[in-house]
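**Student:** Here is a sequence together with a model predicted from it:
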Amino acid sequence: MGSAPASVAELLGRFADETPPVGSAGAAVTILLRDGEREVETLLIERTERPTDLASGQVAFPGGRVEESDGTLRKAALRELEEEVGLSESDLAGPLRYVGTEHAARFRVRVAIFAGALDPRGGSPTALSADEVAHVFWLPRSELGHTQPVHRETGLGLRPVPATVYQGHILWGFTRRVIREFYGLPTEDPLGGPAFAPDPSRHRGADADASRREG
């Protein structure tokens, strides 16, 4: 499925063990992988519904805003991973790999995207704070091939958007585009999506183009 490799090791091996300058992004997230019973799975969270939160009820990667005390974007991603789902660096099979940085227009922030693997001997992710995370679940890679339209409020108003619905969780917008690109699947968003796959022949569009993307 898709052009990306099938194994966790091959997926992560495409990206360097590096970190971008801390000032280049205002948020950091982690694409955490594991070998499921039949295929690679990705850890996702569903955020708690709160009227004052732009991400209320959204399915997302573990992650959040960078804090001055983090020092590096990788440390920010690791801190958020521990705060939201209780996993520390010792639960990972190796260092987080830097995948790329993308503009999340809905939140008006550039997001540094990292990827890593859960060590088979590592802990189990758990929603540590009900005020922030309502659910934690693993999404099988093949589920990304199932698309259905859902109506969501976007910067262009209420409109149907492509989504993946899995066990009642609705994955759409920025997170869905990022994960589909990571797995080598084409964008289904008419406004475009991330372009950070590690192919030197591909070039990211200007920030002005990225700012028109929703989600």
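**Tutor:** Now that the structure is in, tell me what you want to look at.
**Student:** Kindly provide the distance from the residue most central in space within the chain to residue 160.
**Tutor:** The residue lying closest to the centre of the chain (C-alpha atoms, centre = their mean) is residue 61, at 4.1 Å. From residue 61 across to residue 160, the span is 24 Å (C-beta to C-beta, to the nearest Å). Where you see a C-beta, it was placed from the backbone N, CA and C, and this is true even at glycine.
**Student:** Next: residue 84.
**Tutor:** Distance from residue 84 to residue 160, by C-beta to C-beta: 30 Å.
**Student:** ditto for residue 111
**Tutor:** In terms of C-beta to C-beta, residue 111 sits 24 Å off from residue 160.
**Student:** hang on, residue 141 packs against residue 34?
**Tutor:** No - with contact defined as C-beta atoms under 8 Å, residue 141 does not reach residue 34; the gap is 11.0 Å.
**Student:** Name the residues contacting each of the two.
**Tutor:** Shared contacts of residue 141 and residue 34, defined by C-beta atoms under 8 Å, 6 or more residues apart in numbering, comprise 40-41.
**Student:** Can you pick out the residue with more neighbours from these two?
**Tutor:** When residue 141 and residue 34 are compared for neighbours, residue 141 comes out ahead with 22 against 17, by other C-beta atoms under 10 Å.
**Student:** show me where pLDDT drops low in the protein?
**Tutor:** The model of the chain has pLDDT under 70 over residues 1-3, 50-56, 189-215.
**Student:** since we're on residue 75, how many residues are nearby?
**Tutor:** Residue 75 has 18 neighbours, counted by other C-beta under 10 Å.
**Student:** Quick check on it: phi, psi?
**Tutor:** phi -70, psi -30 (degrees, to the nearest 10).
**Student:** got it, and residue 149?
**Tutor:** According to degrees, to the nearest 10, residue 149 has phi -80, psi 140.
**Student:** Please name the nearest non-neighbouring residue to it.
**Tutor:** Once flanking residues are discounted, residue 149 sits nearest to residue 160: 4.0 Å by C-beta to C-beta, 6 or more residues apart in numbering.
**Student:** Around that neighbour, how many other residues sit close by?
**Tutor:** Residue 160: 11 neighbours (other C-beta under 10 Å).
**Student:** That one contacts residue 150, doesn't it?
**Tutor:** Yes - using C-beta under 8 Å, residue 160 is in contact with residue 150, at 6.8 Å.
**Student:** next one: phi and psi at residue 130?
**Tutor:** phi -60, psi -20.
**Student:** That one and residue 48 touch, don't they?
**Tutor:** Yes - between residue 130 and residue 48 there is a contact at 6.3 Å, judged by C-beta under 8 Å.
**Student:** Who has more neighbours out of these two?
**Tutor:** The neighbour comparison of residue 130 against residue 48 (other C-beta under 10 Å) goes to residue 48, with 17 against 8.
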